[in-house]
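Chemist: could you work out the structure for the sequence below:
(one chain, ligands or ions: 1)
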Amino acid sequence: MKDEILVVKNVNNFFGRKQVLKNVSFSLSSGRITGLVGANGAGKTTIMKTILSLTPYAGQIMFEGQPSTFNDHPLLNDIGALIEYPSIYPFMTGMEHLRLFARGKVQSTGIQSLIHMLNMEGYINSAARGYSLGMRQKLGVAMAFVNNPKLVILDEPMNGLDPQSNKELRDLIIDQRNRGVSFLISSHILSELQKLAEDLIIVDQGKVVRQTTMKNLLEANNHFIVLNTSDDKKAQEILIAAGYYLVSGEKVRIKTDANFDIAEILTNLISENIAVHDVKHEDEDLEGSVLELLNTAN
Ligand SMILES: Nc1ncnc2c1ncn2[C@@H]1O[C@H](COP(=O)(O)OP(=O)(O)OP(=O)(O)O)[C@@H](O)[C@H]1O
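Modeler: Predicted structure coming up:
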């Protein structure tokens, strides 16, 4: 079994009378990137705040085998986080923020390397009041990394980032992961999370509905073939009549299973004088899998 850096057991959390987290239990494997996924209001930010003791809770949280409680959490020194929006002082430069957050023995070469990896050299010495949303977000991410944490918690880190910045952030996360850092990352941009996360925790209405690996979730996915034919509408009618399951829409998109036989499909169409110009395989992506899982959970 992989080492667990963080274990969350039976955590419950209330805002007033409203129960927001309901018996939440999961663990994070050391040195891996875990994605936290769920609809708006599912409880992702509250889970992250709970780990960081930013909100009261009942239940058990262990970090590296040591208990962490709401009032006693010395191990949080080893956790870096960006939750919701970064707290940024408009009259300080990005560099001043990083130096302010850096504890004791953090080397300036480490700070320089972060700035370089996130491509922030052009503005790191300017006052943050002139930063765009994406520049602020990058500074918030850099602040989460500055003390060489063992675990990094990032809530929607891709917020406001352009494709180039997204790639820089992804490269930084992968680089740090390769050095042994563990991650818990929430994102609504599932196509981005799919490129990063190795493990997944899926939450719905304050409950963990599944903890799995990305590989297992995607392997269990639906697979399709998509045909480009001389008459897609007629091809759809023929295949439905022959008993195939077609995804509704304009394309001829056929759900495949273990008995899938392309020759049989082609014979059905060619015998009705429909030419097949192209055949493509498609796998359901993370977004499709999560939507299906949440639909079946409700
Ligand atoms: N300070 C608060 N007071 C009252 N209710 C709150 C508070 N913070 C969160 N909630 C409620 O807790 C639930 C979970 O919110 P949370 O922000 O954790 O969800 P989320 O999954 O992060 O959502 P999103 O994807 O929209 O950021 C929501 O129903 C929200 O209304």
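Chemist: contacts, neighbours, all on C-alpha from now
Modeler: Fine.
Chemist: just checking the distance from the helix ranked longest in the chain to the centre of its chain.
Modeler: If you go by DSSP state H, the chain has its longest helix at helix 163-178. In terms of Cα atoms, centre = their mean, to the nearest Å, the gap separating the centre of helix 163-178 from the centre of its chain is 13 Å.
Chemist: and stretch 135-153, by the same measure?
Modeler: Mean C-alpha position of stretch 135-153 versus that of the full chain (Cα atoms, centre = their mean) differs by 16 Å.
Chemist: start at 43 instead
Modeler: Let's use 43 as the start, then, which means that last one is stretch 177-195.
Chemist: next SSE after the longest helix of the chain?
Modeler: For helix 205-220, the succeeding helix or strand toward the C-terminus, using DSSP states H and E, is strand 224-228.
Chemist: and that following strand with helix 205-220, angle?
Modeler: Following axes from the mean of the first three to the mean of the last three Cα atoms, to 10 degrees, one obtains 150 degrees for the angle between strand 224-228 and helix 205-220.
Chemist: who are the packing partners of strand 224-228?
Modeler: When contacts are defined as 3 or more Cα pairs under 8 Å, 6 or more residues apart in numbering; DSSP states H and E, strand 224-228 packs onto strand 60-71, strand 75-79, strand 193-197.
Chemist: contact partners of the second one?
Modeler: Residues from elsewhere that reach strand 75-79, judged by Cα atoms under 8 Å, 6 or more residues apart in numbering: 70, 86, 219, 224-230, 235, 238-245.
Chemist: next: the last one.
Modeler: With contact meaning Cα under 8 Å, 6+ apart, strand 193-197 is reached by 47, 87, 90, 120-126, 183, 186-187, 223-229.
Chemist: what does the longest one give?
Modeler: Here strand 60-71 makes contact (Cα under 8 Å, 6+ apart) with 44-56, 76, 85, 88-89, 224, 226, 243, 247-250, 253.
Chemist: what distance separates that strand from the centre of its chain?
Modeler: Distance, centroid of strand 60-71 to centroid of chain: 17 Å (Cα atoms, centre = their mean).
Chemist: output that strand as PDB, nothing but the C-alphas.
Modeler: Only the C-alpha atoms of strand 60-71 are listed here, as PDB (Å, rounded to 0.1, in the frame of the first residue of the first chain):
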ATOM      1  CA  LYS A  60     -26.800  23.400   7.900                       C
ATOM      2  CA  GLN A  61     -24.600  20.300   7.700                       C
ATOM      3  CA  VAL A  62     -22.100  20.900   4.900                       C
ATOM      4  CA  LEU A  63     -19.800  17.900   5.300                       C
ATOM      5  CA  LYS A  64     -21.300  14.500   6.000                       C
ATOM      6  CA  ASN A  65     -19.000  11.800   7.300                       C
ATOM      7  CA  VAL A  66     -16.300  12.700   4.900                       C
ATOM      8  CA  SER A  67     -13.500  10.100   4.800                       C
ATOM      9  CA  PHE A  68     -10.600   9.800   2.400                       C
ATOM     10  CA  SER A  69      -6.800   9.600   2.300                       C
ATOM     11  CA  LEU A  70      -4.100  11.200   0.200                       C
ATOM     12  CA  SER A  71      -1.200   9.100  -1.000                       C
END
